[in-house]
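>>> Could you work out the structure for the sequence below:
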Amino acid sequence: MDYMVRATAANAQIRAFAATTREMAEAGRAFHNTSPVATAALGRLLTAGAMMGPMMKGEKDILTLQINGNGPIKGLTVTADSKGNVKGYVVNPEVILHARPDGKLDVGGALGIGVLSVIKDLGMKEPYVGQCELKTGEIGDDLTYYFATSEQVPSSVGLGVLMEKNNTVKQAGGFIIQLMPFTPDEVVDRLEQKLSEVTSVTAMLDAGMTPEQILEELLGEFGLEINEKMPVQYHCDCSKERVEKALVSIGKRDLQEMINDGKTIEVNCHFCNKNYAFTVEELKKLLLRASR
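Numbering: from 1, shown residues only. Just a heads-up that it's a prediction; the model follows:
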């Protein structure tokens with residue numbers, strides 16, 4: 001079962017999150033029929049969403065992580081709420097790229113040069129938007145850079161997805177470690193030293209380590225305290241009613257054009273690939289609800 005843990009260490013001067021997300025990454029792969037490199041990219045960003053969504057306080061807060069790049073994948077979008085529900089999609093899910101010289105999937109090459117956007121809809125009039133350029137396109141590094149520049153929180157983000165020979169997901173997960181303001185230099189130095197010695201997230205996942213064990217490995221010597229454990233899952237909340245609302249919002253003119261075509265239309269959900277059909281009769285009813 002996928003889950004996330006929230007923890008503190010060094011007398012709450014360090015806060016940390018870790019997650020195991022194999023089922024979530026596999027659900028994303030199955031919904032979108034992604035190639036291995038696209039599965040790795042989406043799985044990493046879904047894992048980040050699983051940890052960053054619960055950082056928000058409000059019941060209705062929504063986090064969107066978006067990457068736009070000039071590489072062949074073109075872009076990725078993931079949304080997460082504060083309760084561990086995450087969903088996402090890849091603009092070009094079928095990209096095939098050669099592995100890197102070290103044998104790893106070339107997620108950075110698939111994304112190319114571009115921008116990472118973090119959008120938090122906290123129920124205010126305007127959502128908070130933070131942006132940074134992609135540093136490596138490997139996603140973990142890019143989020144590390146984002147936290148440092150946009151939120152001024154020194155962080156270390158590790159994300160990993162391991163594939164089976166048949167291209168399904170074998171393991172997925174990650175961690176986010178953050179330093180609170182006023183952390184003493186000696187704690188910072190020790191943590192940097194520790195993180196530099198650690199093997200990759202994928203190696204820890206491959207060894208079968210749980211989120212708790214990953215944090216113990218990274219922060220055990222700092223007096224780790226696990227504060228919370230919560231389930232996370234791939235969950236798409238689309239419904240015919242939601243699609244109706246979206247159709248109503250496009251306006252009378254476009255709806256009338258669809259009606260004039262005289263055919264049943266199909267609307268596809270980006271996040272789970274489900275199709276919703278609307279007959280001409282149904283479109284006429286929606287036209288009455290449209291305000292402009």
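>>> Tell me how many other residues surround Met258.
19 (other CB atoms under 10 Å). Quick note: C-beta positions are derived from backbone N, CA and C, even for glycine.
>>> In this protein, which strand is the longest?
For the chain, the longest strand by residue count, based on DSSP state E, is strand 169-179.
>>> Roughly how far does the residue lying closest to Ser82 once chain neighbours are set aside sit from Val118?
Among residues not flanking Ser82 along the chain, Met56 sits closest, at 4.6 Å (CB to CB, 6 or more residues apart in numbering). Met56 sits 11 Å away from Val118, going by CB to CB, to the nearest Å.
>>> what residues do these two have in common as contacts?
Common contact partners of Met56 and Val118 (CB atoms under 8 Å, 6 or more residues apart in numbering): Leu63.
>>> related to what we said a few turns ago, what is the longest strand of the chain packed up against?
strand 14-20, helix 22-32, helix 36-52, helix 140-150, strand 155-163, helix 185-197, helix 201-206, helix 211-219 (3 or more CB pairs under 8 Å, 6 or more residues apart in numbering; DSSP states H and E).
>>> Quickly list what Ala277 is bridged to.
Glu266 (DSSP bridges).
>>> Any stretches of the stretch 151-292 of the chain with poor pLDDT?
Scanning the stretch 151-292 of the chain for pLDDT under 70 picks out no residues.
>>> let's go with 90 and repeat that
181-184, 195-200, 202, 245-255, 262-263, 284-292 (pLDDT under 90).
>>> can you pull the contacts of the closest residue to Cys238 other than its chain neighbours?
Nearest non-adjacent residue to Cys238, counting by CB to CB, 6+ apart: Cys269, 4.3 Å away. Neighbouring residues of Cys269 by CB under 8 Å, 6+ apart: 236, 238, 243, 275-276.
>>> for those, which one is nearest Ala9?
Cys236 (34.8 Å; CB to CB).
>>> does that closest one count as helix, strand or coil?
Here Cys236 is recorded as coil under DSSP: H, G, I helix; E, B strand; the rest coil.
>>> Contacts only, for the nearest residue to Ala110 once chain neighbours are set aside.
Spatial nearest neighbour of Ala110, excluding adjacent residues (CB to CB, 6+ apart): Ile73 at 4.4 Å. Ile73 is in contact with 37-38, 41, 90-92, 95, 110-111, counting by CB under 8 Å, 6+ apart.
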